[in-house]
Each structure stands twice: as C-alpha cells, then as structure tokens.
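**Q** Pasted the sequence and its predicted model underneath.
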Amino acid sequence: RRAAAFLRKGAEMGDPEAWTKLGAMHKEGVGVGEDLKWAAECFRRGADGGDPRAWTNLGVCYESGHGVVEDQKWAVVCYQKGADGGDPKAWTKLGICHEKGLGAIKDLKQAIEFHRKGAEMEDPEAMFNLGVCHATGKGVVRNQKRSAEHFRNAAEGGYSKAWFHLGVCYEEGKGVVRDLKRAAACYQQGADKGESKAWLNLGTCYEEGRGVAKDPHQAAECYWVAAEGGNPTAWNHLGLCHQFGRGVPVNLERGVECYRKGADGGDPKAWLNLGVCHENSCSDFENNLMQAAECYRKAVEIEGGGREAWIRLGFWCENGLGVVKNLRRAAAFL
C-alpha cells in the first residue's frame, strides 16, 4: 500500500512510468485491490506520457478485454506504439498478433520478423516463439538446432515454458546430442517454476529411470503436482499408479477417479482406461458394456486415441458388445 501511495504521488507529478507501475499493481491486485478499469486508465495515462511499456500493457487490456471493451485492432495499434518506443515485449505481442491473425492480417513472415526483433532485444518470450517456429517450420525453414538454441536462450532468460521444450530436445536428440540427464534437469527447472508439462515428463523420468534413479514414489508425486496443475494426461498416469500400485498403495477407486478427471480433460488414454474399468468392473463399477463402448468411442474420436481403443471398439462392433452389431463399422475400426 505504501508503494502504491508513493507511485500515485509520482504519477500525479507527471512520471509516466509511475502510472505504468501503478496500473500493473491494480491489474494484479498486488498491495492494492484489483481494479481492471483503473489499471487500464493508469496504462492510458502512462502511454499518453510517453512510456512505451504502458502502450504495451494497454494493448494487452484491449486484446483481453480487461477493464476496457475488447478491441483486437486497437490492441495492435497500442503494441505498434510500444514497439516504436522501444519496448521488446511489444514486438513479441505484434508477432503473436500477426501469427494468429488477431487484429491484423495473418502473416507468418511478418510474425517471424517481429519475434526476431523482440528476441534481439532479449525478450525471452520472443526467443521461445522463434524456437517453436523453427521446430515446426512455421514461417521459416525447419531447423531443430536453431530451435534448441532459442529454447535455451528463452529458458535462461526466465521463460519457464522453455525449460520443458529444451528438455524434450535433449530427451529426443532434437538439435542437440541426446542427453537424458540434461533432459531430466531441464524438466526439473521447469517444474520448479510451476510448469505442469515439465512435472509430467519429470514423472515419466522417475518412473522409467530416464536420466535419474528410478523412483516410483517420486514419479507419483510428480504426476500428482502436474494433475493438480490442470494436466489431463497426468491424471491418467496417476490413475495407473493407483490402479497398479506404482509408488502408491493399490486403490482402484482412486484410480478410476483419476481416469475420470483425465477423461473430462480430454485425454484419450484416460477414456480408454476408464472404458476398461467399465468392461472389467474395476472398483465398484458395474459391468457396463454400453458405458465401456462409449468410453472407447470417445477415445478414438480424440486425436492420439491410440490403436488399442480402435481395436477394442472394432471388436465390440463386430460382436455386438455394448453397441449394435455392425460389421462395416468394425472393419473401419480394425
């Protein structure tokens, strides 16, 4: 509160950066009550005073509709003003807008150029975005080595998501020499910064002994943190741990609960395992073939559903188990 009071005095004395910092405090509710409308107004006053970061923050408000009426085109205008004033984050935001066609014409080459400008000004998010583009060949020639370099720079610059991607590079040998110990170390770095995907992959490292000593209990702990962080695949892994006693006591009821949460989150393997539980009467489930068939159907509808779900659904269509017998559909699945 004292910091906000000092910033308010500085702002009223004509310091545009003070308006920007005051807006950030009200936007996040740090030391003051959260007030998105007042935050946007503070950013506007900072922008009018010539602070480029204020223009960028005001653009974020218009892009997301926080404290103002959502306006993607005006967000781009704000980002351009911020970029012209020398704010690296503004170049990154412009790149994202052109990459996705938000308030601007979709133009991947232009997006790459903006990301590059942000990266040259050491914005870690811009470095990360360049890494993704080089990894996928989006707007540039695919180059795994350059991708890994960008991920490393972004990670060392403090962009937490980059640690997970750098870990994948080391785990799969993409653009770097394959090194499972380094992969696990990268996942640990990302996990320490709250990245659920990093927690998930760190869990598989501990479960399978890849780059670290095999430790089923530690693996289950990692899956739990990732699942609580909203990762549906982690719920499936945690379900397997509970169902088969991997690092935790066997608890079929808890396993089924985890599969259900993973399925609700859209994980195809969770749908498959939930179907198997219906089929085999796991926990207190009734032997419900119709429910099992529905689970298998949902698994195959999701990209990456896996061959096992296709085979099971095909077999059931062939034999009329839980579904109407349909040999033509069975042939399509099998």
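**A** Nice, I can see it. Since this is a predicted model, take the numbers as computed values, not measurements.

**Q** Against Pro88, how distant is Leu94?
**A** The spacing between Leu94 and Pro88, counted by C-beta to C-beta, to the nearest Å, is 11 Å. C-betas here are computed from N, CA, C, even on glycine.

**Q** meant to ask about Ala11
**A** Counting by C-beta to C-beta, the gap from Ala11 to Pro88 is 24 Å.

**Q** now swap in Asp264 and tell me
**A** 39 Å.

**Q** likewise Thr136?
**A** Counting by C-beta to C-beta - Thr136 and Pro88 are separated by 23 Å.

**Q** Asp48 now?
**A** Applying C-beta to C-beta to Asp48 and Pro88 gives a distance of 21 Å.

**Q** just for the chain, where's the confidence low?
**A** 1, 281-289, 303-334 (pLDDT under 70).

**Q** which residues in it form strands?
**A** Assigned by DSSP state E, the chain shows no strands.

**Q** between Asp264 and Pro88, which one's more packed in?
**A** Neighbour count, other C-beta atoms under 10 Å: between Asp264 and Pro88, Pro88 has more, with 22 against 13.

**Q** Provide a list of residues in contact with the more buried one.
**A** Pro88 sits next to 117-118, 121-123, 126 when contact means C-beta atoms under 8 Å, 6 or more residues apart in numbering.

**Q** at 6 Å instead, please
**A** 118, 121, 123 (C-beta atoms under 6 Å, 6 or more residues apart in numbering).

**Q** Do I have it right that the last one meets Thr92?
**A** Yes - between Asp123 and Thr92 there is a contact under C-beta atoms under 6 Å: 5.1 Å.

**Q** Count the residues that sit near Glu17.
**A** Glu17 - counted by other C-beta under 10 Å - has 16 other residues nearby.

**Q** Equivalent analysis for Met121, please.
**A** When neighbours are counted by other C-beta under 10 Å, Met121 comes out with 16.

**Q** Let me know the distance separating it from Leu108.
**A** Distance from Met121 to Leu108, by C-beta to C-beta: 21 Å.

**Q** ranges for the helices of the stretch 1-150 of the chain?
**A** 2-12, 16-28, 36-48, 52-64, 72-84, 88-100, 108-120, 124-136, 144-156 (DSSP state H, counting those that start in this stretch).

**Q** how about these in CSV, adding distance to Gly211?
**A** Output for those, formatted as CSV (distance: least, C-beta to C-beta, whole Å):
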stretch, distance to Gly211
helix 2-12, 43
helix 16-28, 36
helix 36-48, 43
helix 52-64, 38
helix 72-84, 40
helix 88-100, 32
helix 108-120, 29
helix 124-136, 21
helix 144-156, 17
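
**Q** Tell me which residues of stretch 178-190 come out buried.
**A** 180, 182-190 (16 or more other C-beta atoms under 10 Å).

**Q** taking those residues one by one, which sit in helices?
**A** 180, 182-190 (DSSP state H).
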